[in-house]
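*Asks:* here is my input, please return the structure:
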Amino acid sequence: MRLHFIAIGGSAMHNLALALHQKGYKITGSDDMIYEPSSSRLRKKGLLPEKFGWFPEKINPNLDAVIIGMHASEDNPELAKAKELGIPVYSYPEFLYDQSKHKTRVVIGGSHGKTTITSMILHVLNYHQRNVDFMVGAQLEGFDNMVHLTKENDFIVLEGDEYLSSPIDRRPKFHLYKPNIALLSGIAWDHINVFPTFEEYLEQFRIFIDSIVKGGILVYNEEDPNLKRLVEESTNTIRKHPYRTPDYHVENEKTLLHTPEGDMPVAIFGEHNLQNLAGAKWICQHIGIDEEDFYEAIASFTGASKRLEKIVETRGAVVYKDFAHSPSKVTATTRAVKQQYPDRHVIACLELHTYSSLNLEFLLQYQSSLDAADEAVVFFSPEAVENKKLEPISKGQIFNSFSRKDLMVYTNPIEFESFLKEQQYDNKVLLLMSSGNYGGLDFEEIKKWIS
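*Replies:* Alright, predicted model coming up:
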């Protein structure tokens, strides 16, 4: 097949392009800007566009299809040319479904934990040399790409995002996959720019549950009351398998999981991660990995990139980086770190970076989310608020939202960096939570300050 990618430089899009190139498809693409690591990875395979911009002449009748990324606009000139020529146009999830419609589709959904659960499943399958196709939202240790597609594999494991499919397809991505086996980790309101009320957000998960093929399987976190209610209300003729946090205890800053074979140390920690582990175990069992083999493999799982990722450890300090930005994930991650290190001073830093987190109404959802930390810091950029065309936020509004009197608030990246540099890192844990980079913070530099 000959395929053209509009907005090929995106994280998901360039990985799909690489996977299809590996499969033997002829790939071209365009984008108005491509950043690292996408540019280097595309260049290595000869897929990096020669010039940035949109070129309608790249769209010709020889193409079998065009795939459009979320970064493109509705009036993109290449998209207009494809429509004019009658060339099929796919969104990213539509094309993934087309590639997997004859496979057993395993879709991992939920407001949080999707990437970690998908990563756990792939780690276990890889450990036992079980080959599957996949799409995951982070670069995994032991895997070259975030997307892998073949003709021969029977299963495909897909991370099911609830965000929109493309500029011309406003359906959530996970509505398009039609899973045979599905998992839902929980529901916590997010993406308020698309789903302005919690009820509208809930409805997307109701639709997803109903999209599971008849006779399929849904594995779900029964400790989430909203999710539990949706699953119980569903009349879809599927098998429903609940899971919950497994028994464990923390001893000498190590988490020990209680298993039928006795206590087993695991590299991950925190109730939310152990919930993720319980869900991943169910999915692996449905794919054909028994419980004992699952535990053998999961013992060596160290986590997905940017998900409670340990970036430096010395005798006196530990630093973690985490993608957490939603209120529920910030709460869970902060608690997990304090539970793992009860005798250390925990400094939790959160960057408000997403559209939702910088919205004045949504900010109230963060109340008490940093309370488990000994010291709490919030960073946000007034420029980011302005760029997202949101109402200005004052430091006072941040204080009121988090309801913590000793909260420190920074809006200047240099001042925030100085705060980090000036710390005496003795018997401390630094937790950096953000989907951004605190206005340009160099995480490699942090390693030098600590060591």
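*Asks:* how is the chain carved up into domains?
*Replies:* For the chain, the structural domains run 2-87, 96-298, 309-450, going by automatic domain parsing.
*Asks:* comparing these by mean pLDDT, which bottoms out?
*Replies:* The weakest mean pLDDT among those belongs to domain 309-450, with a mean of 90.
*Asks:* now do that one: distance from first to last residue.
*Replies:* Start-to-end span of domain 309-450 (CA to CA, to the nearest Å) is 16 Å.
*Asks:* could the domains of the chain be laid out in JSON lines, adding mean neighbour count?
*Replies:* Bear in mind the C-beta positions are built from the backbone N, C-alpha and C, glycine included. Below are the domains of the chain laid out as JSON lines (neighbours: other CB atoms under 10 Å):
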{"stretch": "domain 2-87", "mean neighbour count": "17"}
{"stretch": "domain 96-298", "mean neighbour count": "19"}
{"stretch": "domain 309-450", "mean neighbour count": "18"}
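*Asks:* ok, longest strand in the chain?
*Replies:* The longest strand of the chain (DSSP state E) is strand 345-352.
*Asks:* list the strands paired with that one, with their directions.
*Replies:* Strand pairing for strand 345-352, using DSSP bridges, gives strand 375-380 (parallel), strand 428-433 (parallel).
*Asks:* any chance of those in a markdown table, plus distance to Ser369?
*Replies:* Converted to a markdown table, the strands paired with strand 345-352 look like this (distance: least, CB to CB, whole Å):
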| stretch | distance to Ser369 |
| --- | --- |
| strand 375-380 | 9 |
| strand 428-433 | 10 |
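*Asks:* which stretches in the stretch 201-350 of the chain count as helices?
*Replies:* 225-233, 271-287, 291-298, 327-340 (DSSP state H, counting those that start in this stretch).
*Asks:* how big is the angle separating the last one from strand 345-352?
*Replies:* For helix 327-340 and strand 345-352, the angle between their directions (axes from the mean of the first three to the mean of the last three CA atoms, to 10 degrees) works out to 170 degrees.
*Asks:* what's the answer for the second one, then?
*Replies:* Between the axis of helix 271-287 and that of strand 345-352 there is an angle of 70 degrees, by the same axes, to 10 degrees.
*Asks:* using PDB, write down the CA coordinates of helix 271-287.
*Replies:* This file holds the C-alpha atoms of helix 271-287, laid out as PDB (Å, rounded to 0.1, in the frame of the first residue of the first chain):
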ATOM      1  CA  GLU A 271      -2.000   1.500  45.300                       C
ATOM      2  CA  HIS A 272      -2.800   2.800  41.900                       C
ATOM      3  CA  ASN A 273       0.100   0.900  40.300                       C
ATOM      4  CA  LEU A 274      -0.800  -2.300  42.100                       C
ATOM      5  CA  GLN A 275      -4.400  -1.900  40.900                       C
ATOM      6  CA  ASN A 276      -2.900  -1.600  37.400                       C
ATOM      7  CA  LEU A 277      -0.900  -4.800  38.000                       C
ATOM      8  CA  ALA A 278      -4.100  -6.600  39.100                       C
ATOM      9  CA  GLY A 279      -5.900  -5.500  35.900                       C
ATOM     10  CA  ALA A 280      -2.900  -6.500  33.700                       C
ATOM     11  CA  LYS A 281      -2.900 -10.000  35.300                       C
ATOM     12  CA  TRP A 282      -6.500 -10.600  34.200                       C
ATOM     13  CA  ILE A 283      -5.800  -9.500  30.700                       C
ATOM     14  CA  CYS A 284      -2.700 -11.700  30.400                       C
ATOM     15  CA  GLN A 285      -4.700 -14.600  31.700                       C
ATOM     16  CA  HIS A 286      -7.300 -14.100  29.000                       C
ATOM     17  CA  ILE A 287      -4.500 -14.000  26.400                       C
END
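*Asks:* that one packs against which elements?
*Replies:* Packing partners of helix 271-287 (3 or more CB pairs under 8 Å, 6 or more residues apart in numbering; DSSP states H and E): strand 104-109, helix 114-127, strand 181-184, strand 217-221, strand 239-243, strand 254-259, helix 291-298, helix 327-340.
*Asks:* repeat that with 6 Å
*Replies:* Secondary-structure packing of helix 271-287 (3 or more CB pairs under 6 Å, 6 or more residues apart in numbering; DSSP states H and E): helix 114-127, strand 181-184, strand 217-221, strand 239-243.
*Asks:* and these as CSV, adding distance to Ser369?
*Replies:* Output for the helices and strands packed on helix 271-287, formatted as CSV (distance: least, CB to CB, whole Å):
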stretch, distance to Ser369
helix 114-127, 19
strand 181-184, 22
strand 217-221, 19
strand 239-243, 25
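*Asks:* returning to what we had before: run through who's touching the longest strand of the chain.
*Replies:* Residues outside strand 345-352 that contact it (CB atoms under 6 Å, 6 or more residues apart in numbering) are 330, 334, 337-338, 358, 370, 373-380, 428-434, 436, 438.
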